[in-house]
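[1] Fold the following, please.
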Amino acid sequence: MAFTKVLIVSLCVVFLAVKWTSPTFDPESIRGARVLVTGASTGIGEQMAYHYARFGAQVVITARREKVLQQVVEKCLSLGAQKAVYIAADMSTDADPDKVVDFALEELGGLDYLVLNHIGSIDLRMWDGDHEQVQQLMKINFHSYVQMAGRALPFLERTGGALVVVSSLCGRVSTPYVAPYTSTKFALNGFFGSLRHELVMKKSNVSISICTLGLIDTASAMEKIREFTDMSAYPATDAALNIIITGATRQRELFYPWFTQVMALTKDWCPSLSDYMIQKFYKTS
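    Below is the predicted model of the structure:
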C-alpha cells in the first residue's frame with residue numbers, strides 16, 4: 001500500500017511538472033488557419049469545429065450525415081468562422097479519405113491543420129470471435145487515418161502545418177468489452193508515434209500531436225457505456241478545446257482528463273495495480 005501511495009504521488013508530480021512547462025497558447029495563431037476536421041457532425045469533432053470558428057479559422061468538416069453537417073457549418077459561420085464548408089464522406093470506403101483531403105485543399109487553397117477524429121460505430125461486448133468487426137473498424141479508425149495523413153503531408157510540409165490525431169486511453173491501456181476498438185487505437189499510437197520520429201529525423205516542419213482521451217460525455221458514448229461502468233465522463237467541449245490547443249502549440253501529446261496519463265503510466269510501472277483498477281471500473285454484463 002505504501003508503494004502505491006508513493007507511485008501515485010510521483011505520477012502527480014510528473015504531471016504538474018509537464019503542465020507548468022507547457023507552451024502558451026495564442027488564440028490569434030488560429031485566425032485564418034486552414035483546418036480540416038473529420039468526424040465533425042457530432043460530439044468532439046462538432047465541438048472542435050465550433051471552437052475553430054470562434055477563433056476565426058477557415059474550416060472544412062466531414063462526416064457521413066449531410067444534413068447534420070450543413071447545420072454545423074451554419075453555426076460555425078454564425079460563430080465567426082472566416083469560411084466553413086462540408087463534405088459528406090464514408091471513411092470505410094477506399095476513395096473517400098483521399099476525396100476529403102482533395103476537397104479541403106481545393107476549398108482552402110492549402111492546409112494548416114489536419115485533425116483526424118472520426119471513428120466507426122462499435123457495440124460494447126465481450127469479443128465473440130467476430131473478425132469482420134475488427135477488419136471494419138481497422139479500415140475506418142486506422143487505415144483511413146494513415147491514408148489521409150499520407151495525402152495531406154506534402155501540403156502540410158509547405159505550410160509547416162500540424163497533424164492532430166485523436167486517440168483514446170484504450171490505445172494505451174487495454175480494457176474489456178472493446179477489443180476491436182482498442183486494437184485500432186493501439187495501431188494509431190504506434191503508427192503516428194513512429195511517423196513523428198521519422199519526421200523529426202528528416203527535419204520536417206510538420207508536427208504530430210497524439211491526443212489520449214478518457215471517457216467523454218458524447219451522446220454515442222453515454223448511450224453505450226452506462227451498462228458497463230459508472231465512471232465519470234468529461235465534457236466534449238473542454239476535450240475539443242484541449243485538442244485544439246495541443247495542435248496549435250505543437251505539443252507531442254495530450255492526456256485529457258489529466259488522470260489518463262497517470263493510468264497510462266501505472267499500466268507500465270505497476271501492471272497488476274492497473275489490471276485491478278480496470279476490472280473494478282467495469283461491471284460484468
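[2] tell me the contacts of the residue nearest to Thr246 when sequence neighbours are not counted?
    Counting by Cβ to Cβ, 6 or more residues apart in numbering, Leu254 is the residue found nearest to Thr246 once chain neighbours are left out, at 4.0 Å. Every residue, glycine included, has its C-beta placed from N, CA and C. By Cβ atoms under 8 Å, 6 or more residues apart in numbering, the residues touching Leu254 are Ser209, Ile210, Cys211, Thr212, Asn242, Ile243, Thr246.
[3] got it, and Gln58?
    Contacts of Gln58 (Cβ under 8 Å, 6+ apart): Gly32, Ala33, Arg34, Val35, Ala81, Gln82, Lys83, Ala84, Leu108.
[4] go with 7 Å
    Counting by Cβ atoms under 7 Å, 6 or more residues apart in numbering, Gln58 touches Gly32, Ala33, Arg34, Val35, Ala81, Gln82, Lys83, Leu108.
[5] Ser194 too?
    Here Ser194 is in contact with no residue (Cβ under 7 Å, 6+ apart).
[6] Ramachandran coordinates for it?
    phi -70, psi -40 (degrees, to the nearest 10).
[7] How about Ile210?
    Main-chain torsions, Ile210, degrees, to the nearest 10: phi -110, psi 120.
[8] Equivalent analysis for the one 5 residues further on, please.
    Note on Leu215: its backbone torsions stand at phi -70, psi 120 [degrees, to the nearest 10].
[9] re the thing from before, and of the contacts of Leu254, the nearest to Pro235?
    Using Cβ to Cβ, Asn242 comes nearest to Pro235 of the contacts of Leu254, at 10.3 Å.
[10] who are the neighbours in contact with that closest one?
    Here Asn242 is in contact with Leu254, Tyr256 (Cβ under 7 Å, 6+ apart).
[11] if I've got this straight, Gly120 is in a helix?
    No: checked against DSSP: H, G, I helix; E, B strand; the rest coil, Gly120 lies outside a helix; its state is coil.
[12] burial measure for it, as a count.
    Neighbourhood size, Gly120 [other Cβ atoms under 10 Å]: 19.
[13] With Asp94 as the reference, measure out to His118.
    16 Å (Cβ to Cβ, to the nearest Å).
[14] swap in Ser41?
    The value you get for Ser41 to Asp94, if Cβ to Cβ is used, is 22 Å.
[15] between the two, who's got more neighbours?
    Ser41 (23 against 10).
[16] and the more buried one, what does it touch?
    By Cβ under 7 Å, 6+ apart, the contact list for Ser41 reads Ala63, Arg65, Val68, Leu69, Val72.
[17] Run through the bridge partners of the first one.
    Per DSSP bridges, residues listed as beta-bridge partners of Ala63: Ala88.
[18] Thought Val72 was touching it, still the case?
    No: counting by Cβ atoms under 7 Å, Ala63 does not reach Val72; the two are 8.5 Å apart.
[19] Overlap of the contact sets of those two?
    Ala40, Ser41.
[20] buried stuff in stretch 93-112?
    Asp96, Pro97, Asp98, Val100, Val101, Phe103, Ala104, Leu105, Glu107, Leu108, Leu111, Asp112 (16 or more other Cβ atoms under 10 Å).
[21] oh sorry, the question was meant for stretch 151-167
    Arg151, Ala152, Leu153, Phe155, Leu156, Gly161, Ala162, Leu163, Val164, Val165, Val166, Ser167.
[22] okay, that stretch in CSV with CA atoms only?
    Extracted C-alpha coordinates of stretch 151-167, given in CSV (Å, rounded to 0.1, in the frame of the first residue of the first chain):
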residue,chain,number,x,y,z
ARG,A,151,-2.4,12.5,-48.8
ALA,A,152,-2.1,15.7,-46.7
LEU,A,153,1.6,15.5,-45.6
PRO,A,154,3.2,17.2,-48.7
PHE,A,155,0.8,20.1,-48.3
LEU,A,156,1.3,20.4,-44.6
GLU,A,157,5.1,20.5,-45.3
ARG,A,158,4.5,23.6,-47.4
THR,A,159,2.8,25.4,-44.5
GLY,A,160,4.7,24.0,-41.6
GLY,A,161,1.4,22.6,-40.5
ALA,A,162,0.2,20.2,-37.8
LEU,A,163,-1.3,16.7,-37.9
VAL,A,164,-3.6,16.1,-34.9
VAL,A,165,-4.6,12.5,-34.1
VAL,A,166,-7.5,11.9,-31.7
SER,A,167,-6.8,8.7,-29.8
